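S.K.: my questions are about this predicted structure, shown below with the sequence.
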Amino acid sequence: MLGLLTLNSKRSRYVKTLLRALNQTDGLRSLSDIGQSDQHIRSFIRENTETCGGQSLTPEIRLRLFTPSCRFWRERPELWPFEEPYWAIYWPGGQAVTRYLLDNPGLCLGKKVLDVGSGCGASSIAAKLCGAAHVVANDIDPVAAVAFHMNCELNGLDPPICATDNMIGSEPEGFDLILLGDMFYDEALATSLHRWLNRCIKTHGTQVLIGDPGRAQFEGHSIRRLLRQLAQFELPESVREENYGLTCSSVWCYTPEV
């Protein structure tokens with residue numbers, strides 16, 4: 001199953017790519033960098049994903065995802081032509097953040113929102129549905145940007161901005177709220193996020209919401225002592241099965257060191 005088993009085994013390579021981009025001044029990547037047109041990638045996504053809705057914490061949002069009926073659910077991973085398709089899985093941390101936004105629309109109303117590691121874009125879609133004034137979905141994979149635009153269209157939304165340069169370590173002065181779902185799966189990445197989020201909050205007063213289903217790398221990191229739990233959601237059975245039996249996913253509010 002490419003959607004989870006292969007992705008989990010390859011996360012260390014993804015993290016190295018992400019961290020390497022922190023030191024690059026020209027991190028923006030376009031579809032031309034991967035030798036494909038927008039239309040070709042759209043066709044590929046349509047052919048190799050399925051529109052999903054009800055089997056998640058947010059049945060009101062429709063997304064194009066991998067399912068057991070899709071070719072690459074069990075296909076050999078070397079046949080996948082792009083970067084690892086993190087955008088094709090609706091990760092449980094992202095589901096929790098998205099559910100929390102939909103349940104608390106005032107958090108986004110009139111705000112400028114940055115969704116880091118946006119993947120399928122569900123949290124960005126929720127922010128837009130809740131009346132955010134400005135939304136930026138940030139994912140370093142340009143294919144994720146195409147998938148995000150398609151998911152916005154599924155939900156009747158004009159796509160917000162999708163930035164494919166790495167924004168971790170940047171100075172996002174204009175954002176009121178930063179969202180992160182399932183981003184603390186590697187210690188090195190968690191440490192980089194820790195430093196950056198501290199600076200965003202202390203310098204700009206940014207609010208930060210983190211979604212995580214209790215992964216070991218998150219629970220064991222020093223960042224946990226700076227978090228306050230806002231909500232916990234019981235995961236649907238199908239999501240539990242896809243995530244090795246994880247039963248719940250939580251939303252945390254990040255506060256800086258003082």
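M.R.: Great, that's in hand.
S.K.: CA atoms of the longest helix belonging to the chain as PDB?
M.R.: In terms of residue count, the longest helix belonging to the chain (DSSP state H) is helix 187-204. Presented in PDB, the C-alpha positions along helix 187-204 are these (Å, rounded to 0.1, in the frame of the first residue of the first chain):
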ATOM      1  CA  GLU A 187      12.900  14.900  15.500                       C
ATOM      2  CA  ALA A 188      15.000  17.200  13.300                       C
ATOM      3  CA  LEU A 189      12.000  18.700  11.600                       C
ATOM      4  CA  ALA A 190      10.200  19.100  15.000                       C
ATOM      5  CA  THR A 191      13.200  21.000  16.300                       C
ATOM      6  CA  SER A 192      13.300  23.300  13.300                       C
ATOM      7  CA  LEU A 193       9.600  23.900  13.700                       C
ATOM      8  CA  HIS A 194      10.000  24.500  17.400                       C
ATOM      9  CA  ARG A 195      12.500  27.300  16.800                       C
ATOM     10  CA  TRP A 196      10.500  28.900  14.000                       C
ATOM     11  CA  LEU A 197       7.200  28.800  15.800                       C
ATOM     12  CA  ASN A 198       8.700  30.400  18.900                       C
ATOM     13  CA  ARG A 199      10.000  33.300  16.800                       C
ATOM     14  CA  CYS A 200       6.700  33.700  15.000                       C
ATOM     15  CA  ILE A 201       4.800  33.900  18.300                       C
ATOM     16  CA  LYS A 202       7.200  36.100  20.200                       C
ATOM     17  CA  THR A 203       7.900  38.500  17.300                       C
ATOM     18  CA  HIS A 204       4.500  38.700  15.600                       C
END
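S.K.: report the distance from that helix to the chain centre.
M.R.: 17 Å (Cα atoms, centre = their mean, to the nearest Å).
S.K.: what packs against that helix?
M.R.: Other helices and strands packing on helix 187-204, by 3 or more Cβ pairs under 8 Å, 6 or more residues apart in numbering; DSSP states H and E, are helix 7-21, strand 177-181, strand 207-212, helix 216-219. For glycine as for every other residue, the C-beta is placed from the backbone atoms N, C-alpha and C.
S.K.: state the mean pLDDT of it.
M.R.: The average pLDDT for helix 187-204 rounds to 87.
S.K.: cool, and stretch 169-177?
M.R.: Mean predicted confidence for stretch 169-177 is 85.
S.K.: which residues touch it?
M.R.: 22, 107-108, 111-114, 127, 134, 136, 178, 192, 196, 200, 203-204, 206-209 (Cβ atoms under 8 Å, 6 or more residues apart in numbering).
S.K.: follow-up on the earlier one: now do the buried residues in the longest helix of the chain.
M.R.: The neighbour-count check on helix 187-204 (16 or more other Cβ atoms under 10 Å) flags 189-190, 192-194, 196-201 as buried.
S.K.: now, of the contacts of stretch 169-177, which are buried?
M.R.: Applying 16+ other Cβ under 10 Å to these flags 107-108, 111-114, 127, 134, 136, 178, 192, 196, 200, 206-209 as buried.
S.K.: where do the strands of the stretch 51-200 of the chain begin and end?
M.R.: 63-65, 112-116, 134-138, 161-163, 177-181 (DSSP state E, counting those that start in this stretch).
S.K.: distance to residue 79 for those strands - can I get that in TSV?
M.R.: As requested, those are arranged in TSV below (distance: least, Cβ to Cβ, whole Å):
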stretch	distance to residue 79
strand 63-65	19
strand 112-116	30
strand 134-138	27
strand 161-163	26
strand 177-181	28
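S.K.: worst average pLDDT in the ones you listed?
M.R.: For the strands of the stretch 51-200 of the chain, where the average pLDDT is lowest is strand 161-163, sitting at a mean of 90.
S.K.: partner strands of it, parallel or antiparallel?
M.R.: Partners of strand 161-163 in the sheet, by DSSP bridges, are strand 134-138 (parallel).
S.K.: contacts for the partner strand, please.
M.R.: Applying Cβ under 8 Å, 6+ apart, the contact partners of strand 134-138 are 111-118, 121, 124, 127-128, 145, 148, 160-167, 174-175.
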